[in-house]
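Enquirer: need the 3D shape of this:
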Amino acid sequence: MNKLKDFKLQDKKVILRANFDIPFDEKGNIFDDFRIRKALPSIKYLLEHEAKTIIISHLGRPSSGVRLSLKPVAARLSKLLDQQVKFVKDCVGGQARKAVKAMKPGQVILLENLRFYSEERSNDDTFAKQLANLGEIYINDAFSNCHREHASIVGITNHLPSGAGLLLEEEIKTLSSVMEKPKRPMVLVLGGAKINTKISCLLKFLEIADHIVVGGIFAPAILHAKGISLSGFPLDEDIEKKFASIELTNPKLHLPIDALVGLRNHQLDYLRQSAVGKIRKEEQMFDIGPETVRIFSNIIEEASTVIWNGPLGYVEDERFANGTLSIASAILRTNAFSVVGGGDINAFLAANNMRSKFSYVSTGGGAMLEFLSDKELPGIKALQK
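Expert: Now for the predicted structure:
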């Protein structure tokens, strides 16, 4: 696989695929610039070698319905790089071509991918060619998107000399070392809400990890599927079949034994602690309980490697944040090499001034899990041609 440092870059138009899908506050200000800062080494390397740096990125679907822009990202980059980063609100078309044509060596522009949910995701080759026509070299530095077969991740590599950026190289090296030569015991902490994307990781780690502790939506879904909890979780047939293959007697698997529960409508004056087998139909598990925290913490205390993805409770409500905070503290009390990834847990740890204390924080969530599950990531495969 070619890497950024393998190319002669002076006066070359280099397309750098980044992922600046970052959180904004209700006023449209950047809430967390972690992913921006992680992209700086590649951008600075390109500047030092007098390339014409064309960054392409996107924003996720706005939860509020208000359409945000990457323009504040360009402003933040300008400040971090101490030079102007021009923003163009499209990645193809006349404005983008004009901005690229006017570039001089050592300049940076940021193009927003407004087609992320259309031509991009379908890996449309016409769109990939339009992107490729902007540059002479393509560098993928968006590890967190590498599990997607998208035009600006995979398709563009068919039309330009391509390689891995410094961040992508770092992610591959760190995560590979964790899996190839882990210090044991290895513990996986698995939470969050995306069951479909995490079930394969759970099954894989039942083979390779020493212990797996489970929270988030994952835990009550398994408990319901196994008939332990009455709290219902609609699951598709494929997921139910995979859950059926999980043996609760597996000594590696550790599920909550107690929980903080509330009503499904989040009625604020309703909260109680319950054994998981006593959760009622109208209730939902929103956090692991104190006895589960104690058991999970004891397991983590013995770990030499900890991999963590996803909060263990509904941390958006501070009433249900204690389990996740307690497990974070338990990890940090050890001397284990700790790897954490996923947007929700990343933001939570940052808000609680804990993120920088972990050994390695990945920019990827789903991509990290798929990589660790030994799946072939399309974005990395495309660079190995």
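
Enquirer: so where do the helices sit in the stretch 101-250 of the chain?
Expert: Along the stretch 101-250 of the chain, counting by DSSP state H, counting those that start in this stretch, helices occupy 125-132, 166-180, 195-208, 218-225, 237-244.

Enquirer: what about the residue nearest to residue 91 when sequence neighbours are not counted, how many neighbours?
Expert: Leaving aside its chain neighbours, residue 91 sits nearest to residue 111 (4.0 Å; criterion: CB to CB, 6 or more residues apart in numbering). Heads up, the C-betas are built off the backbone N, CA and C, glycines and all. Counted with other CB atoms under 10 Å, residues neighbouring residue 111 total 27.

Enquirer: surely residue 111 and residue 88 touch.
Expert: Yes: under the criterion of CB atoms under 8 Å, residue 111 makes contact with residue 88 at 5.0 Å.

Enquirer: what sits in contact with each of these two?
Expert: Overlap of the contact sets of residue 111 and residue 88 (by CB atoms under 8 Å, 6 or more residues apart in numbering) consists of 96, 99.

Enquirer: buried residues in stretch 235-244?
Expert: By 16 or more other CB atoms under 10 Å, the buried positions in stretch 235-244 come out as 235, 239, 242-243.

Enquirer: okay, those in CSV with pLDDT next?
Expert: Below are the buried residues of stretch 235-244 laid out as CSV (pLDDT from 0 to 100):
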residue, pLDDT
235, 76
239, 83
242, 85
243, 84
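
Enquirer: just those now: which is nearest residue 350?
Expert: residue 239 (30.6 Å; CB to CB).

Enquirer: and the residue nearest to residue 91, what does it touch?
Expert: Residue 111 is in contact with 54-57, 88, 90-91, 96, 99, 134, counting by CB under 8 Å, 6+ apart.

Enquirer: out of these, which are inside strands?
Expert: Per DSSP state E, strands hold the following members of the contacts of residue 111: 54-57, 88.

Enquirer: and which of those residues is nearest to residue 196?
Expert: Proximity of the ones in strands among the contacts of residue 111 to residue 196 (CB to CB) peaks at residue 57, which lies at 25.1 Å.

Enquirer: just checking, the closest one touches residue 69?
Expert: No: assessed by CB under 8 Å, residue 57 is found out of contact with residue 69, at 11.4 Å.

Enquirer: looking only at neighbour counts, state which of these two leads.
Expert: residue 57 (26 against 14).

Enquirer: let me see the mean pLDDT of stretch 69-88.
Expert: Over the span of stretch 69-88, the pLDDT mean works out to 97.
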